[in-house]
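Student: This is the structure alone, sequence omitted:
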């Protein structure tokens, strides 16, 4: 069974698995405030484009529990303030902005006092989460159609149950294939610097009993040359109108290598990942993260003191390298003229 | 000044810098026996194709110091036995075999007793080392001719002073450019799993005052897309007759990406790296190393218990991706019909 990455705690806090601690420890945290949800997103305790959208929506609800007796104006003002805080937690994934925009719309159009608006927001956050779960399944069903039986799939980063409210995006088809008793094997890029592949994808696939093999990012090209990879499935943090998309650093190189070796290369994402307001990929803000993520590992320096390092968290893959976009609306092709 | 990676100790042992400990600690070790040299090669205390050839030749000498009073037959038999041990320490780099083959030839053709043969072997090992130092400089001089002023060079693994008896192979041109006051900047692939880029290349370039920036292996493609890389320089562990060559895992992917982005891609190596007995690259034995190099980092697990991992230490880059081979004999093109 795939793992469940997020839920409400009995007291209404946002319950997450601390993804920084995996695979060494499985730590559940109850995030009581919007501030602690924003911190958890910033520190990657909770990550994955769809999941941080859900977490932000739920965080807005958890963080306004104590304001239910407030007047409508006070309540709405606080919602706007906390949304602002949450939306700035990470810049690249559009799902965060999308979920908070949707929550703001609901708050505005719900009449009544703080308690009434809060109840509606609570229901909306739960709906966003449930919709995501359903979207993951639909993405998986569409993905299944391009997955040959006995497929060797290569994936990058983590786009599974730990990245969503359901069974993932790029990993969804793999979960469904396994559920149906079809043979499937996954090569998992470790995904430096933060090792979401080795730490998270290997953990959740192993948990579900799906055969998988870890490789360093630099080994993927040789597996393709040796014809050991049938298809590459990756996720997305933002997809532009023309189909260019941002995803974890290393994705663009895989896309070029896939094209060179004739390996189909698919991007899997819920429709909420589309940002039709951006015409092309080089307009996507790319989050520069701390150089220490590259120079320090498990608390030990792996580069000399003071070494300069670049650490862009994401890269942009132009649409021309993408075989298809596996979404909850089917396998589609750009242009994407309609935002969700 | 570039670092000196190997030398004779005053007592005739092989003095090395323990490259596993860098950059955290600079530990010098005196290897007293051929067995300890073989262990050091196997454990990567000493690594780099040219340097392990030199270390093996010197180890043969250090390991027979106590046999100088033996008869010729006893001495020669021991040399053969220790050569066998040393040649099997690592399978991919041909320089190891080349250096030991040369030592064996000298032993056979030198007349006299153990002491006489030992003296000749000592001189020959020193010559191999000195020749390597001179070859590095010549490789650097040829490399300089393709290095634009102000170049941004991308390199993989460690091919510098820590990989040779001199100033390196792929890094030699960079050292010479810096020595001549030319502007040069190096992007250094960290080179997973063993991080020779972050641990060793960043250390020795920093030591020499050469500007360098560390990146994860997955970030190289995006730098090329952004036109931030003028040329790629890598080393080689074995070059076949047709020009296919083995080098650290990750090299092949870089070569494909370089071709795709129109970035010149050069392989730099001493002529002793050519193995004309092998017609093409897929015949090169590729060393499979322990999966724990991928799943454990600085003593801490970074993948779940029991995770399967592939860890080929090298990959093969077909000749068609290579702009040129920078050798001590000039910048050359295959076929290479003559072994050194």
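Tutor: Sure thing, it's come through. This structure is a prediction, so every number in the text was calculated from the model and none was measured.

Student: per-residue confidence averaged over the helix or strand where residue A:143 lies?
Tutor: If you go by DSSP states H and E, residue A:143 is part of helix A:114-144. Averaging pLDDT along helix A:114-144 gives 97.

Student: Tell me who's in contact with the closest residue to residue A:183 other than its chain neighbours.
Tutor: Closest residue to residue A:183 apart from its sequence neighbours, by CB to CB, 6 or more residues apart in numbering or on different chains: residue A:150 at 4.4 Å. Glycine gets a C-beta too; all of them are placed from N, C-alpha and C. Taking CB atoms under 8 Å, 6 or more residues apart in numbering or on different chains, we find residue A:150 in contact with A:182, A:183, A:184, A:185.

Student: Repeat that for residue A:13.
Tutor: Counting by CB under 8 Å, 6+ apart, residue A:13 touches A:30, A:31, A:32, A:62.

Student: Can you flag which of these belong to strands?
Tutor: Using DSSP state E, the members of the contacts of residue A:13 that fall in strands are A:30, A:31.

Student: For the contacts of residue A:13, which single residue is the most surrounded?
Tutor: Counting neighbours by other CB atoms under 10 Å in any protein chain shown, residue A:62 leads the contacts of residue A:13 with 27 neighbours.

Student: Quick check, it in contact with residue A:38.
Tutor: No. Using CB atoms under 8 Å, residue A:62 is not in contact with residue A:38, being 11.5 Å away.

Student: show me where pLDDT drops low in the stretch 151-300 of chain A?
Tutor: Nowhere does the stretch 151-300 of chain A drop to pLDDT under 70.

Student: what does it have sitting close to chain B?
Tutor: Listed as neighbours of chain B in the stretch 151-300 of chain A under the rule CB under 8 Å from any CB of the partner chain: A:189-193, A:195, A:198-199, A:202-203, A:206, A:211-222, A:225, A:249-250, A:252-253, A:256-257, A:260, A:291, A:294-295, A:297-300.

Student: Mind checking which of those are buried?
Tutor: A:189-193, A:195, A:198-199, A:202-203, A:206, A:212-222, A:225, A:249-250, A:252-253, A:256-257, A:260, A:291, A:294-295, A:297 (16 or more other CB atoms under 10 Å in any protein chain shown).

Student: where does the nearest residue to residue A:49 once chain neighbours are set aside fall, phi/psi-wise?
Tutor: Computed as CB to CB, 6+ apart, the closest residue to residue A:49 that is not its neighbour in sequence is residue A:93, at 3.9 Å. Dihedral pair for residue A:93: phi -70, psi 130, per degrees, to the nearest 10.

Student: any idea of the pLDDT on residue A:93?
Tutor: Residue A:93 is assigned 86 on the pLDDT scale.

Student: Next: residue A:3.
Tutor: 85.

Student: Is it correct that it falls within a strand?
Tutor: No. Residue A:3 is assigned coil when assessed by DSSP: H, G, I helix; E, B strand; the rest coil, not a strand.

Student: Count the residues that sit near it.
Tutor: 16.

Student: Likewise for residue A:51?
Tutor: The number of residues near residue A:51, taken as other CB under 10 Å, comes to 28.

Student: Quick check: which element contains it?
Tutor: Counting by DSSP H and E, residue A:51 is part of helix A:49-62.

Student: Next, the angle from the helix or strand that that helix is followed by to helix A:114-144.
Tutor: Sequence-wise, the next helix or strand downstream of helix A:49-62 (DSSP H and E) is helix A:72-87. Interaxial angle, helix A:72-87 versus helix A:114-144 (axes from the mean of the first three to the mean of the last three CA atoms, to 10 degrees): 30 degrees.

Student: Give the buried residues for helix A:72-87.
Tutor: For helix A:72-87, burial by neighbour count (16+ other CB under 10 Å) applies to A:72, A:75, A:76, A:78, A:79, A:82, A:83, A:85, A:86, A:87.

Student: And stretch A:132-141, by the same measure?
Tutor: A:132, A:133, A:135, A:136, A:137, A:138, A:139, A:140.

Student: Show me the helices in chain A, by range?
Tutor: A:34-42, A:49-62, A:72-87, A:94-109, A:114-144, A:172-179, A:196, A:202-207, A:220-225, A:251-261, A:292-295 (DSSP state H).

Student: what sits against the residue of chain A positioned farthest from its centre?
Tutor: Most distant residue from the mean C-alpha position of chain A: residue A:71, 35.4 Å away (CA atoms, centre = their mean). Residues near residue A:71 by CB under 8 Å, 6+ apart: A:113, A:114.

Student: Can you tell me how far it is from chain B?
Tutor: Counting by CB to the nearest CB, to the nearest Å, the gap from residue A:71 to chain B is 50 Å.

Student: ok, that residue to residue B:38 distance?
Tutor: From residue A:71 across to residue B:38, the span is 79 Å (CB to CB, to the nearest Å).

Student: Nearest residue to residue A:37 in space, please, no chain neighbours.
Tutor: residue A:59 is the one closest to residue A:37 (CB to CB, 6+ apart), at 2.9 Å.

Student: quick one: pLDDT of that neighbour?
Tutor: Looking at residue A:59, its pLDDT is 98.

Student: what sits against it?
Tutor: So residue A:59 contacts A:14, A:31, A:33, A:34, A:36, A:37, A:38, A:82, A:86 (CB under 8 Å, 6+ apart).

Student: Quick one: mean pLDDT over stretch A:71-80.
Tutor: The average pLDDT within stretch A:71-80 is 96.

Student: Count the neighbours of residue A:175 for me.
Tutor: 26.

Student: surely it meets residue A:167?
Tutor: Yes. Between residue A:175 and residue A:167 there is a contact under CB under 8 Å: 4.5 Å.

Student: any common contacting residues for these two?
Tutor: Common neighbours of residue A:175 and residue A:167, counting by CB under 8 Å, 6+ apart, are A:2, A:140, A:160, A:161.
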